[in-house]
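Participant: This is a predicted model, with the sequence first.
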Amino acid sequence: MTQELGSMCHVLRKIKAHGMDDSKSDNAKTREVFRRRALLLQKIRTYFSSEGVTEVNTPVLSEFGSCEPALKNLSLNKGRRKYLRTSSESSLKQLLSHNLGDVYEIGPVFRDEEIGPCHLEEFTMVEWYRTNVELLFLIEDVRCLLARCGYQDNIDITTYAELFQNASGLNPHNCGNSELVSCAIEKGVDLKECDLNDRALLLDAVYVSVVEPLLKSFSPVFIIDYPKEHRAYARLSGTTETVALRFELIINGIEIANGYDEITESLEQKDRFNTENRLRKRRGLEQIEPDAAWLDALSSGVPSVCGVALGLERLEMALWEISDIRSLGIKSY
């Protein structure tokens, strides 16, 4: 019996020691994550300081949610309903109307999304706006920022149409909805009757099922010249009305940054809000009150501006070859 108890104590000591080793290992990993992030934030701030871009802090809570059908709002319902921001865009454009010049913010944003390897409900956004520049300047701005952060890979530029056509055989700017439906169904996408005339949804369905899987094997790439149906709050091209002046940066198949040549006219922005609400209604989604403060800012005058939103945790994934975004924070999920 004594021998058995001694053996059991030996096993328990080993288990305890193993548990302590695991705890020490987890602590070391957590320290490393936050140490590297602190250095990364320092590099980002140093870059913007050298470029004369002013850091600002704006409210996380808003009276208005996002109208974008692709974004799911998180809200608080205590008293008057308020929304946790999906981005700081509205507040930053309000500041632009006060002639602050180039501005940026680093802060938390929220999306009502299923948590997974590339998605969190709360994550950190680096969002900035450059006045009186063109979109290609902003692309080079992103390149320079990433280089300052230690990212050395070459980043190509290609058009949405080239990727889409090479993968699906369809030109996204002028193919018929029926062609998009056929392509999506062929790839196993389940479409409802109400989806068949929703061109934005059909383009997304083909892109996600046909193009996105290929991007994982591609070199890093800026995708430019999106179809007008995916313009969101970007201006349309002055030469090709089917093309929206926006880009996405894709690394390892994951969207890292999203940039626009921004709408600066209040009436055009209001029309976009209303168009998106009509699309939300068609898709059975809640209608969102248009952001009056945003519209007022544009009415009072905002300079020509290009803006970009970059996910900090996704940048960390690219820099440090991390496959699961959930490993980059304190586990509260």
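Facilitator: Right, received. Where do you want to start? The structure displayed is predicted, hence computed values, not measured ones.
Participant: Give the next helix or strand downstream of the worst-scoring helix or strand of the chain on mean pLDDT.
Facilitator: Taking mean pLDDT, DSSP states H and E as the measure, the helix or strand of the chain with the lowest value is strand 74-76, at a mean of 68. Per DSSP states H and E, the first helix or strand lying C-terminal to strand 74-76 is strand 82-84.
Participant: Contacts only, for the closest residue to I325 other than its chain neighbours.
Facilitator: Counting by Cβ to Cβ, 6 or more residues apart in numbering, the nearest residue to I325 once its immediate chain neighbours are dropped is E313, at 5.1 Å. Where C-beta positions appear, they are placed from N, C-alpha and C, glycine not excepted. E313 sits next to L120, F123, T124, I325, L328, G329 when contact means Cβ atoms under 8 Å, 6 or more residues apart in numbering.
Participant: Could you count how many residues lie near the last one?
Facilitator: Looking back up the chat, that one is G329. Using other Cβ atoms under 10 Å, G329 has 17 neighbouring residues.
Participant: can you give me the strands in this structure?
Facilitator: Under the criterion DSSP state E, strands of the chain are mapped to 54-55, 61-62, 74-76, 82-84, 103-110, 122-131, 156-159, 221-227, 243-251, 254-261, 305-311.
Participant: Can you tell me which of the ones you listed is nearest to L201?
Facilitator: L201 sits nearest to strand 221-227 of all the strands of the chain, at 12.2 Å, using Cβ to Cβ.
Participant: That closest one pairs with which strands?
Facilitator: strand 156-159 (parallel), strand 243-251 (antiparallel) (DSSP bridges).
Participant: Can you give me the buried ones in it?
Facilitator: V221, F222, I223, I224, D225, Y226, P227 (16 or more other Cβ atoms under 10 Å).
Participant: again with stretch 143-159
Facilitator: Residues of stretch 143-159 classed as buried: L145, L146, C149, Y151, I155, T159 (neighbour count, 16+ other Cβ under 10 Å).
Participant: Run the chain-centre distance for that stretch.
Facilitator: 17 Å (Cα atoms, centre = their mean, to the nearest Å).
Participant: Other residues contacting it?
Facilitator: Counting by Cβ under 8 Å, 6+ apart, stretch 143-159 makes contact with 40, 43-44, 46-47, 139, 219-225, 249, 251, 310, 315, 318-319, all of which sit outside it.
Participant: May I have that stretch exported as CSV, CA atoms only?
Facilitator: Extracted C-alpha coordinates of stretch 143-159, given in CSV (Å, rounded to 0.1, in the frame of the first residue of the first chain):
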residue,chain,number,x,y,z
ARG,A,143,3.4,49.4,-49.0
CYS,A,144,5.6,51.9,-47.1
LEU,A,145,3.8,51.3,-43.8
LEU,A,146,4.1,47.5,-44.1
ALA,A,147,7.8,47.9,-45.0
ARG,A,148,8.3,50.0,-41.9
CYS,A,149,6.6,47.2,-39.9
GLY,A,150,9.1,44.6,-41.3
TYR,A,151,7.0,43.1,-44.1
GLN,A,152,9.5,42.6,-47.0
ASP,A,153,7.5,40.5,-49.6
ASN,A,154,6.8,42.1,-53.0
ILE,A,155,3.1,43.0,-53.4
ASP,A,156,1.7,42.8,-57.0
ILE,A,157,-1.3,44.8,-58.3
THR,A,158,-4.1,43.2,-60.3
THR,A,159,-7.6,44.1,-61.2
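Participant: Can you report the mean pLDDT over the residues of that stretch?
Facilitator: Summarised as a single mean, pLDDT over stretch 143-159 is 97.
Participant: Please enumerate the helices of the stretch 51-200 of the chain.
Facilitator: Ranges of helices within the stretch 51-200 of the chain are 89-96, 135-148, 160-168, 177-186, 199-206, based on DSSP state H, counting those that start in this stretch.
Participant: Please name the nearest non-neighbouring residue to P213.
Facilitator: Closest to P213 by Cβ to Cβ, 6+ apart is G253, at 7.9 Å.
Participant: and the one you found, how many neighbours?
Facilitator: For G253, the count of nearby residues is 13 (other Cβ under 10 Å).
Participant: That one: what's it in contact with?
Facilitator: E212, P213, L215, K216, S217, F218.
Participant: do that again at 10 Å, thanks
Facilitator: C118, E212, P213, L214, L215, K216, S217, F218 (Cβ atoms under 10 Å, 6 or more residues apart in numbering).
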